[in-house]
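>>> coords please:
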Amino acid sequence: MIVIASNFLTEAFALQLSTDRDVYSRGQPLLVYGQALPDEPLIIRLFAPDGTIAQFNQINADDTGAFSHILIKWPNATSNFSFGTYSVEAIATKEQGISKTIDVKFLANSSLIQVPQQPIVLVSVFAPQSAAINQTFRVFIQVTSDGLLVAGNPSIVLGSSHVHMPDGSVVNLSDSIKTLHQGLFYVDFTPTQEGTYIFHMTANSKGTFANGSVATLVLKQNIEGISNQILQLNTVLDTTSQDLDKLKSEIKGFGTVLNSSQQSIAQANQNLNASVTKMSESVTNIDQASTQLNSLFLPVVALIAIIIALQITILARRR
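This next block holds a predicted model:
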């Protein structure tokens, strides 16, 4: 009978949790109240939108099991207390650690009581636009709830994430996703087919789901390889350009030598012409001298002939 009464008492005073409103603004107190076991110690926690604990208090229920407590007076919105959806949790220490959770909104204006309690979860996916077969690339995923990064095990937060292959098959990525930072995740992927890969990331934050997708075109060779070939071609073109400049410089020097040679040939030609002129003058002088010599030589020859004739006449008379 005692055991039955005890079970009835536990069932009758099961943990109950409430807040005085659903939406709060700066300066308003967050009143938490409810029912627990008589004199039961309770742990009250306030979780920020990113899943971190923003406030922590321990209180005791009164002798009737009722409790009420101002958990926090909402401060100015900061990076620690940003606007968004918060969770209030009460943990009963005598009831095998059972807990109750209720969501509230912290907004700039608490009069917006029609704002839904469901948090706004966003998934952003970042992947290269193009890649190459058998070359690993990295896909980044960011998960936010009401603008704050969501922490958690990637296999739980992104448990339904997958990739659509070019052949139409689907590959699950939940076991391959790793945590880079709170709310930031990544997966290293190696494509084996040529075509378009669609990465579909599904995030789960407190029962709220969100999706994000991105596409990557996989080619036989990625842009980096093509860029390297272009760089090599530019190097070859630069070398060729340098060789052409060097050849141009040498040709220019050859032109200078050629001009000098032409000038030398012209000078030699002038000298040769001058020599020919001089030789012509010399021949003319020789011709004139020969004429003069002939004019002198003929009388001598004639005189010799006369002398020889006289000698012949004299000899003839003697005989």
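
>>> please count neighbours and contacts with C-alpha atoms only from this point.
OK.

>>> secondary structure class for residue 303?
Following DSSP: H, G, I helix; E, B strand; the rest coil, the label given to residue 303 is helix.

>>> for the remainder of this discussion, apply numbering that starts at 15.
In the new count, where the first residue is 15, that last one comes out as residue 317.

>>> neighbours of it, how many?
Burial measure for residue 317: 12 neighbouring residues, criterion other Cα atoms under 10 Å.

>>> show me what whichever strand or helix holds residue 155 is packed against.
Per DSSP states H and E: residue 155 is located in strand 151-159. Judged by 3 or more Cα pairs under 8 Å, 6 or more residues apart in numbering; DSSP states H and E, strand 151-159 is in contact with strand 135-140, strand 198-203, strand 209-219.

>>> report the distance from the first one to the chain centre.
The chain centroid and the centroid of strand 135-140 are separated by 20 Å, computed with Cα atoms, centre = their mean, to the nearest Å.

>>> average pLDDT for that strand?
For strand 135-140, mean pLDDT rounds to 92.

>>> what's the answer for stretch 37-52, then?
Mean pLDDT, stretch 37-52: 90.

>>> who does the next helix or strand after the strand holding residue 155 pair up with?
With elements assigned by DSSP H and E, the helix or strand that comes after strand 151-159 is strand 162-163. Paired neighbours of strand 162-163 in the sheet (DSSP bridges): strand 151-159 (antiparallel).

>>> in this protein, which spans are helices?
For the chain, helices defined by DSSP state H occupy the ranges 16-26, 168-171, 237-332.

>>> rewinding a little: which of the helices and strands packed on strand 151-159 sits closest to residue 71?
Nearest to residue 71 among those is strand 209-219; the distance by Cα to Cα comes to 24.4 Å.

>>> which strands or helices does the closest one pack on?
strand 135-140, strand 151-159, helix 168-171, strand 176-178, strand 222-233.

>>> check the helices and strands packed on strand 151-159 for me and report the most buried one.
strand 209-219 (a mean of 21; mean count of other Cα atoms under 10 Å).

>>> for residue 256, see how far away the residue nearest to the spatial centre of the chain is.
For the chain, residue 142 is the residue whose C-alpha lies nearest the centre (Cα atoms, centre = their mean; 9.2 Å). From residue 142 over to residue 256 the distance is 37 Å, taken as Cα to Cα, to the nearest Å.

>>> what does residue 75 show for phi and psi?
Here is the backbone geometry of residue 75 (degrees, to the nearest 10): phi -70, psi 160.

>>> hang on, it packs against residue 104?
No: taking contacts as Cα atoms under 8 Å, residue 75 lies outside contact range of residue 104: 11.7 Å.

>>> sorry, back to before: how about the helices and strands packed on strand 209-219 in CSV, adding distance to residue 35?
Listed next are the helices and strands packed on strand 209-219 as CSV, based on distance: least, Cα to Cα, whole Å:
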stretch, distance to residue 35
strand 135-140, 23
strand 151-159, 21
helix 168-171, 29
strand 176-178, 40
strand 222-233, 22
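
>>> so where is the protein shaky, pLDDT-wise?
15-27, 124-132, 236-243, 264-275, 303-304, 306-312, 332-333 (pLDDT under 70).

>>> please parse it into its domains.
What automatic domain parsing lists as the domains of the chain is 16-120, 135-235.

>>> re earlier: and residue 75 and residue 104? Which one has more around it.
More crowded of residue 75 and residue 104, by other Cα under 10 Å: residue 104, with 26 against 21.

>>> could you report the neighbour count for the nearest residue to the more buried one once chain neighbours are set aside?
Spatial nearest neighbour of residue 104, chain neighbours left out: residue 58 (4.6 Å); criterion: Cα to Cα, 6 or more residues apart in numbering. For residue 58, the count of nearby residues is 21 (other Cα under 10 Å).

>>> relative to residue 83, how far out is residue 58?
Residue 58 is 9 Å from residue 83, by Cα to Cα.

>>> over to residue 250?
To residue 83, residue 250 is 78 Å away according to Cα to Cα.
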